[in-house]
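**Student:** Mind looking at a prediction? Sequence and model below.
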Amino acid sequence: MRVSVDAAGNLRGTYSGESAAGERLLIGSHLDAVPYAGPYDGVLGVVLAIALIESLDGRRFPFEIEIVGFSEESGRRFGAAFLGSRALVGRIDEQLLATKDDDDITLGEALVKFGLDPSSLPEALLTPDAFAFLEFHIERGPVLESQHKPLGVVEAIVGRSRFTVEFIGEPSNSGTTPMNLRRDALTGAAEWIGMVEQEARSVNGLFATVEKVEVFPGATGVIPSNVTMSVDMRHHSDKTLNGTIARLLEKARHVAQKRRLRFDFHRNADHQAVAMDAGLLHIAERALRLAGCPSARFVSGYGHDAMILAEKIPSALIFVRSPDGLSQHPGMQLNSADIDLALASGVHFLNEICGFTKKTNISAYA
Ligand SMILES: [Zn+2]
């Protein structure tokens, strides 16, 4: 393979096709890792891609294969995630380059310090011959394990909304204020938290978490006057997600009214759901079937590089089972039999995609 490092620090290796004029398939994942999250996050997808090339034993395809080890996905250092894959779709701008880490070093400075030249970032862009992207990633969750399946194909990455809800009452004495005269913000919040859980259980595929609760004044002998909660909600349909949030806010208003509280709401961040390419999903599922894997389609509860590449080219994401369903855990392991199946699926994927080396062809194959 011809190996290079691009201006965003992505490690890229190209395996030539049968002819020099062909299209290009990208395969990869990220090289960075979250501390204490085990050894397989990201790098599994890079090593699997390289092992896949190795297993071809020199066999060539009508297209080039480019392996990409994305330099940064987790967003730990600069608070912005997917820096590696963003470089390929042209989403590293001046503002992002000026973002500072905890030591006041900008992203641009960090790239230079590593021997890279940010002015060459345009050279990292996807070229028009790139027709599809495939990512293997360990599942950071228990779904495949619970279904006793080695591999799964991701059909969508959830949309995510994070917001803050506040109930405001009045502080008063716990010993002298009769129950019917209280304006207790915490009992209001508690009632609403129960509703969030109930709603999440009743909507298929919804994740809703009240992550943090701050109670003020939080003092002995005082009825709480303010409760601030941060909430994280996710669903693969933006419409369902927004509809559920609207319903829960209506319930919060109702709780506040009933308990003579004030209610406040701030939306902190929104990420829209990303559907993976339906045609490529079909090809990936076929590859899994041919490798002898039972079909497993599901929704990813968090973002991946494939989600960024999907902005420009048909992208597929295949999850490899995490034994015991561990996620963000230093003890994460892999079954070697699952890796064999992933490799076999990769070879079938390459065979299957041979007839679809144009973006439009792939997307139409649903
Ligand atoms: Zn990852």
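**Tutor:** Thanks, I have the structure now. Residues are numbered from 1 along each chain as shown.
**Student:** list the contacts for the residue in the stretch 151-300 of the chain that the ion sits nearest to?
**Tutor:** Using CB to the ion, the single residue of the stretch 151-300 of the chain nearest to the ion is residue 300, 10.4 Å away. All C-beta spots, glycine's among them, are computed from the backbone N, C-alpha and C. Taking CB atoms under 8 Å, 6 or more residues apart in numbering as the criterion, residue 300 is in contact with 154, 156, 157, 158, 317, 319.
**Student:** Go again with 7 Å.
**Tutor:** If a contact means CB atoms under 7 Å, 6 or more residues apart in numbering, then residue 300 has 154, 157, 158, 317 as its contacts.
**Student:** okay, the second one: pLDDT?
**Tutor:** Spelled out, it's residue 157. In this model, residue 157 is scored at 92, pLDDT.
**Student:** what secondary structure does the spatially closest residue to residue 114 that is not a sequence neighbour sit in?
**Tutor:** Beyond its immediate neighbours in the sequence, the residue positioned closest to residue 114 (CB to CB, 6 or more residues apart in numbering) is residue 9, lying 6.0 Å away. Going by DSSP: H, G, I helix; E, B strand; the rest coil, the secondary structure assigned to residue 9 is coil.
**Student:** what number of residues lie near residue 9?
**Tutor:** Counted by other CB atoms under 10 Å, the residues lying close to residue 9 total 21.
**Student:** helices and strands around the host helix or strand of residue 49, which ones?
**Tutor:** Secondary structure here is read from DSSP states H and E; on that basis residue 49 sits in helix 43-55. With contacts defined as 3 or more CB pairs under 7 Å, 6 or more residues apart in numbering; DSSP states H and E, the packing partners of helix 43-55 are strand 24-30, strand 64-70, strand 130-138, helix 336-353.
**Student:** Show me the contact partners of stretch 43-62.
**Tutor:** Identification of contacts with stretch 43-62 by CB under 7 Å, 6+ apart yields 1, 15-18, 22, 27-29, 31, 33, 65, 67, 69, 135-138, 320, 342-343, 346-347, 350, 354, 357.
**Student:** wait, stretch 239-246
**Tutor:** Where contact means CB under 7 Å, 6+ apart, the residues beyond stretch 239-246 that reach it are 159, 161, 199, 203, 206, 233, 235.
**Student:** Residue 288 contacts residue 149, correct?
**Tutor:** No: taking contacts as CB atoms under 7 Å, residue 288 lies outside contact range of residue 149: 9.4 Å.
**Student:** Quick check: the residue nearest to residue 114 vs residue 46, distance?
**Tutor:** Separation of residue 9 from residue 46 (CB to CB, to the nearest Å) stands at 13 Å.
**Student:** do the same with residue 237
**Tutor:** Distance of residue 237 to residue 46, computed by CB to CB: 31 Å.
**Student:** okay, the two: which has more neighbours?
**Tutor:** More neighbours sit around residue 46 than around the other of residue 237 and residue 46, counting by other CB under 10 Å; the figures are 22 against 18.
**Student:** Tell me which residue is most central in this structure.
**Tutor:** Averaging the C-alpha coordinates of the chain gives a centre point, and the residue nearest to it by CA atoms, centre = their mean is residue 303 (1.1 Å).
**Student:** gap between that one and residue 159?
**Tutor:** From residue 303 across to residue 159, the span is 10 Å (CB to CB).
**Student:** ok, now residue 28?
**Tutor:** Taking CB to CB as the measure, residue 28 and residue 159 are separated by 24 Å.
**Student:** and what of residue 365?
**Tutor:** Note on residue 365: its distance to residue 159, by CB to CB, is 25 Å.
**Student:** In the stretch 101-250 of the chain, which residue sits closest to the ion?
**Tutor:** Counting by CB to the ion, the stretch 101-250 of the chain gets nearest the ion through residue 137, at 5.6 Å.
**Student:** burial count for that residue?
**Tutor:** Residue 137: 23 surrounding residues under other CB under 10 Å.
**Student:** Now residue 271: closest residue in space, sequence neighbours ignored.
**Tutor:** When the adjacent residues along the chain are set aside, residue 271 lies closest to residue 160, with 4.6 Å between them (CB to CB, 6+ apart).
**Student:** and the strand or helix carrying the one you found, what does it pack onto?
**Tutor:** If you go by DSSP H and E, residue 160 is part of strand 159-168. Strand 159-168 makes packing contacts with helix 185-202, strand 226-235, helix 238-258, strand 262-271 when contacts are defined by 3+ CB pairs under 7 Å, 6+ apart.
**Student:** Mind listing residues that contact it?
**Tutor:** Taking CB under 7 Å, 6+ apart as the rule, strand 159-168 contacts 185, 188-189, 225-235, 238, 241, 245, 252, 256, 261-273.
**Student:** Residue 281 touches residue 317, doesn't it?
**Tutor:** No: Residue 281 is not in contact with residue 317 according to CB under 7 Å; the separation is 9.1 Å.
**Student:** Quick check: residues of the chain near the ion?
**Tutor:** Where proximity means CB under 5 Å from the ion, the interface of the chain facing the ion comprises 41, 42.
**Student:** any low-confidence regions in the chain?
**Tutor:** Low-confidence regions of the chain, defined here as pLDDT under 70, do not occur.
**Student:** how about the residue of it positioned farthest from its centre, secondary structure?
**Tutor:** Within the chain, the residue lying farthest from the chain centre (CA atoms, centre = their mean) is residue 176, at 50.5 Å. The local conformation at residue 176, judged by three-state DSSP, is coil.
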